[in-house]
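Enquirer: Quick one, structure for this:
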Amino acid sequence: MKQQTALNILKSGKNVFMTGSAGTGKTYLLNEYTQYLKERRIYPTVVAPTGIAASHLGGQTIHSFFALGIRESIDEGYVEFLLDKKYLKTRFSKLDILIIDEVSMISPELFSSMDLILRGFKGTDVPFGGVQVVISGDFFQLPPVSKEPKEKRFAWQSPVWKALDLQTCYLEEKFRQDDSQLIQILDDIRSGTMTAHSEKLLDSRLEKALPSHFNPTKLYTHNVDVDRINLSELEKLEGEEKLFVYESKGSQKNIEKVFKSSLVMEELTLKKSAVVIFIKNNAEAGYVNGTTGTVESFSPIDNMPIVRTTEGRKIKLEPEEWSLENDSGKVVATVSQVPLRLAWAITVHKSQGMTLDAAEMDLSKTFETGQGYVALSRIKNIEGLRLMGLNPMALRVDPLILHIDGRIKAASQKAAERIESLSPEALEQEFEQHITRLGGIVSKEKIDEEKKNIKEGKPSHSAYVTPAHMKTRHLLPKCGSIIKLAQKRGVSKGTIINHLQRIKEEEPETDLIKYKPDEALFERVDTVVLKLVTKKLKENFSEDGRLKLKAVFDALDGEVGYDDIRLCMLFLNTKES
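Expert: Residues are numbered from 1 along each chain as shown. Below is the predicted model of the structure:
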């Protein structure tokens, strides 16, 4: 299927499974669809099974978004538990489009858990609560991590997969590889039968010396090999070390989430001649996630590294930003750092989604189906490959995936025929109906205005009115006291405390400790609250069991104001009214 056909199916509002071999532009197409929606003031949610996978599309992990902790499978009881969480009600009430990336790494249990949670919060038995579900990934790539063999391993084996009535888009045009020989090897792996020609080609790359202009990234299957090589190679270089330390805004918890969901380093040590890989997309500056190069020098003005890419481009680096957004699309944490990592070696797992100019790979310890395919499909051309080892597992794909691949292609053909049979007018009508259902804009003038706003970095977000307490939430990283928050917002201290109470209810993980009253006042209120709770006098509690503020006020002889009492109780586990 062509990309434009797949984009038309996405825009029609159908549930979609988008697949295709590595390098066919799945991530590019998802970004195109996301941009199309935002221009119409619709904001999709993007999730993926790992932080690194999620970072490719600016999303978050499935476990985090669905409040699963470390669980894979859940029951109705756990959904009932989640339904009591106000912040989750807010989160899921705004969810209309869910994009799930790297589906090959999602277990059937995890896939079913997402469905169960959305049915619960949307109050319907329709699959995934009736939201549009866009699933992307390639089952020939890395499978779900499992400590023990399982009969059902893949997301498509979950009962709800069939119930979603997915339109399949099997992308076929390759944009990463520009070499027919490498494409043939990858196609052979996908077919489950290596031809003698492909085997001979791979043999010819064993310990093959690469042209001098290549700085190959070493791909290994195990972390221990990667760390050892990078540190060892850096130590070999002469010259002064340059240390680059990240800068950040936001709470510590949110900053940690940024690091977990990306490849950015807390500390990056470089030397002249260090082999590096770019970990951010910046087409204007001349690099993408996966571009490799060598540190040529450091700027005498600001000490920033100057890198010569493998393709010969000279780039003077500037810090890039990695951000974490909340449910309303507002940035709650930002990490600023040089967008590089040492790249003598990286793991195959971390390389998924990257495009490498050249790679030296040791696949002699391959332990999982799909690892060899992912590694080999990172490069653009066979001339950029140096093989250091290969075991039989490296060229294997799961037999079950081989068995269903033909059916997936047939389903894609059927979906293409349906969408291509529609006239341009009928297509446009489907597109507009989908946007209208979601509450977006369809007027050309308004869309053009929104495009302009997005280009200038000031999207209207008029489809979502930011609640007053969330406006306060966005100021937390900048304001260290209640008074400063009140001054910034132009509201009273009592209003700010109301906002903090609501923030704590909706986002229990938010760190508010800097607003805790001084210890003497806190201890005084804490002691009184404990006595009142212990006595359990009926008149001190409301009908829903909350401790009345007046009871605390009276017990303190009126010497502590209501606002201060409420602020203290924000840091206690006792309910109040």
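
Enquirer: Could you tell me how many residues sit around Lys350?
Expert: By the criterion of other Cβ atoms under 10 Å, Lys350 has 17 neighbours. Where C-beta positions appear, they are placed from N, C-alpha and C, glycine not excepted.

Enquirer: for Gly439, that is, sorry about that
Expert: Count around Gly439 with other Cβ under 10 Å applied: 12.

Enquirer: again, but for the one 3 residues further on
Expert: Using other Cβ under 10 Å as the criterion, Val442 is surrounded by 14 other residues.

Enquirer: Assign a three-state SS to the closest residue to it other than its chain neighbours, would you?
Expert: Excluding the flanking residues, the one nearest Val442 by Cβ to Cβ, 6 or more residues apart in numbering is Glu432, at 4.9 Å. Under DSSP: H, G, I helix; E, B strand; the rest coil, Glu432 falls in the helix class.

Enquirer: so Lys257 touches His63, yeah?
Expert: No: between Lys257 and His63 there is no contact, the gap being 11.6 Å when judged by Cβ atoms under 8 Å.

Enquirer: Could you check which of these two has the larger neighbour count?
Expert: The residue with more neighbours, out of Lys257 and His63, is Lys257; 21 against 18, by other Cβ under 10 Å.

Enquirer: Check what pLDDT the closest residue to the more buried one other than its chain neighbours gets.
Expert: Closest residue in space to Lys257, ignoring its immediate chain neighbours: Leu324 at 5.4 Å, by Cβ to Cβ, 6+ apart. The per-residue pLDDT reported for Leu324 equals 78.

Enquirer: could I get the helix or strand hosting Leu324 in CSV with only the CA atoms?
Expert: Assigned by DSSP states H and E, Leu324 belongs to strand 320-325. Output of strand 320-325 as CSV, limited to C-alpha atoms (Å, rounded to 0.1, in the frame of the first residue of the first chain):
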residue,chain,number,x,y,z
GLU,A,320,18.2,20.5,22.4
GLU,A,321,15.2,20.1,24.6
TRP,A,322,13.3,16.9,25.6
SER,A,323,9.9,17.7,27.1
LEU,A,324,7.1,15.9,29.0
GLU,A,325,3.6,17.0,28.4
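
Enquirer: Residues touching it, excluding its own?
Expert: Applying Cβ atoms under 8 Å, 6 or more residues apart in numbering, the contact partners of strand 320-325 are 55, 58, 60, 250, 254, 257-258, 261-262, 264, 280, 282, 331-339.

Enquirer: Which among these count as buried?
Expert: Among the contacts of strand 320-325, those buried by neighbour count (16 or more other Cβ atoms under 10 Å) are 55, 60, 250, 254, 257-258, 261-262, 264, 280, 282, 332-339.

Enquirer: For Gly286, give its distance to Lys314.
Expert: Separation of Gly286 from Lys314 (Cβ to Cβ, to the nearest Å): 9 Å.

Enquirer: sorry, back to before: for the residue nearest to Lys257, grab the count of nearby residues.
Expert: 23.

Enquirer: Bridging across strands, which residues link to it?
Expert: Judged by DSSP bridges, the bridge partners of Leu324 are Ala333.

Enquirer: list the buried ones in the strand holding Leu324?
Expert: So, applying 16+ other Cβ under 10 Å, buried residues of strand 320-325: Glu320, Glu321, Trp322, Ser323, Leu324.

Enquirer: and if you look at stretch 117-127?
Expert: Result for stretch 117-127 [16+ other Cβ under 10 Å]: buried residues Ile117, Leu118, Arg119, Gly120, Phe121, Lys122, Pro127.

Enquirer: For Thr34, see how far away the second one is.
Expert: To Thr34, Leu118 is 19 Å away according to Cβ to Cβ.

Enquirer: mind showing which ranges of the stretch 251-400 of the chain have poor pLDDT?
Expert: The stretch 251-400 of the chain contains residues with pLDDT under 70 at 283, 289-290, 325-330, 353.

Enquirer: For it, which segments count as helices?
Expert: 252-260, 348-351, 371-376, 399-420 (DSSP state H, counting those that start in this stretch).

Enquirer: a markdown table for those, including distance to Val160?
Expert: Listed next are the helices of the stretch 251-400 of the chain as a markdown table, based on distance: least, Cβ to Cβ, whole Å:
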| stretch | distance to Val160 |
| --- | --- |
| helix 252-260 | 28 |
| helix 348-351 | 27 |
| helix 371-376 | 27 |
| helix 399-420 | 17 |
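
Enquirer: Could you identify which of the ones you listed is most buried?
Expert: Across those, averaging neighbours per residue (mean count of other Cβ atoms under 10 Å) puts helix 371-376 on top, at a mean of 24.

Enquirer: Which other helices and strands does that helix contact?
Expert: The contact analysis (3 or more Cβ pairs under 8 Å, 6 or more residues apart in numbering; DSSP states H and E) places helix 371-376 against helix 180-191, helix 348-351, strand 359-363.

Enquirer: where's that helix relative to the chain centroid, distance-wise?
Expert: The chain centre lies 22 Å from the centre of helix 371-376; the measure is Cα atoms, centre = their mean, to the nearest Å.

Enquirer: same question, stretch 180-199
Expert: 32 Å.

Enquirer: How about residues contacting it?
Expert: 21-22, 140, 174, 177, 201-202, 372-373, 376-377, 379-382, 385, 395, 397, 399, 402, 405.

Enquirer: start to end distance for it?
Expert: End-to-end distance of stretch 180-199 (Cα to Cα, to the nearest Å): 15 Å.

Enquirer: Same question for that stretch: list its buried residues.
Expert: Leu182, Ile183, Gln184, Ile185, Leu186, Asp188, Ile189, Arg190, Ser198.

Enquirer: Report the mean confidence score over it.
Expert: 89.

Enquirer: go on, stretch 525-534?
Expert: Here the average pLDDT along stretch 525-534 is 91.

Enquirer: and if you look at stretch 27-45?
Expert: pLDDT averaged over stretch 27-45 gives 91.

Enquirer: now stretch 66-75
Expert: Here the average pLDDT along stretch 66-75 is 85.

Enquirer: End to end on that stretch, go ahead and measure it.
Expert: Stretch 66-75 stretches 14 Å from its first residue to its last (Cα to Cα).

Enquirer: Check stretch 282-301 too.
Expert: First residue to last in stretch 282-301 (Cα to Cα) measures 22 Å.
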